[in-house]
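Asks: need a structure here:
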Amino acid sequence: MNIEYKNQIYSLDLFTTSKDQVEVIINHESHKLKIDFHKELPPNTSVYIVEHQNQFYKVFITESEDQIYVTINGKNYIFTKKKEETKSFNYTHVHIREIVAPLPGTLTKLYVKKDQVVKQGEILLIIESMKMENQILSPRDAIIEEVYVKEGQKIETNQKLLKLD
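Replies: Numbering: from 1, shown residues only. Down below sits the predicted model:
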C-alpha cells in the first residue's frame with residue numbers, strides 16, 4: 001500500500017511473521033516488531049503494546065476508508081491512503097499457463113483439482129494474508145493441468161500454485 005505523510009509518499013507493507021511478531025516494511029526498510037499485547041476495539045480500532053529495539057510503545061490504530069490514524073505513546077500521526085492506479089489489460093489474447101501467488105500467506109481454501117474445467121473469473125483458491133482473504137481467480141476458461149499446493153500450506157510470493165492447459 002502507498003501512504004502519504006507530510007506530502008511524502010511511502011510504500012508500506014505489513015507481514016505477520018509469527019503469532020507475536022510483525023514485519024513492517026517502509027520504503028523497502030524492514031522493521032521487526034514484537035507484539036506483546038493486542039486488542040480489537042470497535043469501530044475499526046486496535047490497541048497494541050509493541051516492543052522494538054528493547055523499547056515498548058503503546059500504539060492505537062484507527063482506519064477509515066482513506067486514512068489511517070496512529071497514536072504512538074500519545075503522539076498522533078495521520079496517514080492518507082493513496083489509491084492505486086488501476087490499469088486495464090485485456091487478457092483475451094494472452095494464454096496464461098501458470099498461476100503464481102501474488103503475495104505471501106496461507107492457502108486456506110483450494111476450490112479446484114487436477115483435470116477440473118474452470119471458467120474465466122471462477123475462484124480457484126484463497127490465500128489469507130494479514131487476516132485478509134485474497135481470492136485467486138481463473139484468468140480464462142481452462143482445464144487444471146497441475147495443482148502444486150494444498151490447503152493449509154504456507155505460500156511465498158511468486159510461488160507456482162496451478163498449471164492450466
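Asks: how near is Ile26 to Ile9?
Replies: Ile26 is 11 Å from Ile9, where distance means Cβ to Cβ, to the nearest Å. Heads up, the C-betas are built off the backbone N, CA and C, glycines and all.
Asks: Ignore what I typed, I meant Glu51.
Replies: With distances defined as Cβ to Cβ, the gap from Glu51 to Ile9 amounts to 29 Å.
Asks: More neighbours: which of those two?
Replies: For Glu51 and Ile9, the more surrounded residue by other Cβ atoms under 10 Å is Glu51, and the numbers stand at 15 against 11.
Asks: Need the nearest residue in space to that one, chain neighbours excluded.
Replies: Taking Cβ to Cβ, 6 or more residues apart in numbering, and ignoring the residues beside it in sequence, Glu51 has Lys34 as its nearest neighbour in space, at 4.1 Å.
Asks: And that neighbour, how close does it get to Lys19?
Replies: Using Cβ to Cβ, Lys34 is found at 11 Å from Lys19.
Asks: who has more neighbours, those two?
Replies: Neighbour totals were compared for Lys34 and Lys19, and Lys34 leads with 14 against 6 (other Cβ under 10 Å).
Asks: Touching, that one and Asn54? I think so.
Replies: No: proximity of Lys34 to Asn54 does not meet the contact threshold set by Cβ atoms under 8 Å, at 10.0 Å.
Asks: Can you spell out which helices and strands pack onto the helix or strand of the chain with the lowest mean pLDDT?
Replies: Each helix and strand of the chain was given a mean pLDDT (mean pLDDT, DSSP states H and E); the minimum falls on strand 8-18 at a mean of 79. With contacts defined as 3 or more Cβ pairs under 8 Å, 6 or more residues apart in numbering; DSSP states H and E, strand 8-18 has these neighbours: strand 2-5, strand 21-26.
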